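Undergrad: This is the structure alone, sequence omitted:
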């Protein structure tokens, strides 16, 4: 059976905004990874490892996985906590 993980990607360190973070991704897990003897890179013979499917909602991603009989692990996003404070707070304490 195919195994996959469904997650919502987090922003990279190079992003300051929150745009383009509203998609859900199905990424397939690979079993047999090995070291390429020529270049020394990690590689696999499983072509599903190169595939990432994007969905607009979590429900669509789950529905796709169930429809195609893919075992999946759902990883919920961790929402960041925004602490609002004033610039003056730096000098009052």
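TA: Good, I have the coordinates. Values in this document were obtained by computation on a predicted structure and should not be read as measured data.
Undergrad: tell me which residues of the lengthiest helix in the chain are tucked away?
TA: If you go by DSSP state H, the chain has its longest helix at helix 58-67. If you call a residue buried by 16 or more other C-beta atoms under 10 Å, then helix 58-67 has these buried ones: 61, 62, 64, 65. Where you see a C-beta, it was placed from the backbone N, CA and C, and this is true even at glycine.
Undergrad: What is the nearest of those residues to residue 90?
TA: residue 61 (42.7 Å; C-beta to C-beta).
Undergrad: The closest one touches residue 8, doesn't it?
TA: No: using C-beta atoms under 8 Å, residue 61 is not in contact with residue 8, being 9.4 Å away.
Undergrad: would you list the buried residues of helix 58-67 in TSV and tack on distance to residue 19 and pLDDT?
TA: Formatted as TSV, the buried residues of helix 58-67 follow (distance: C-beta to C-beta, whole Å; pLDDT from 0 to 100):
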residue	distance to residue 19	pLDDT
61	20	95
62	24	95
64	24	94
65	26	94
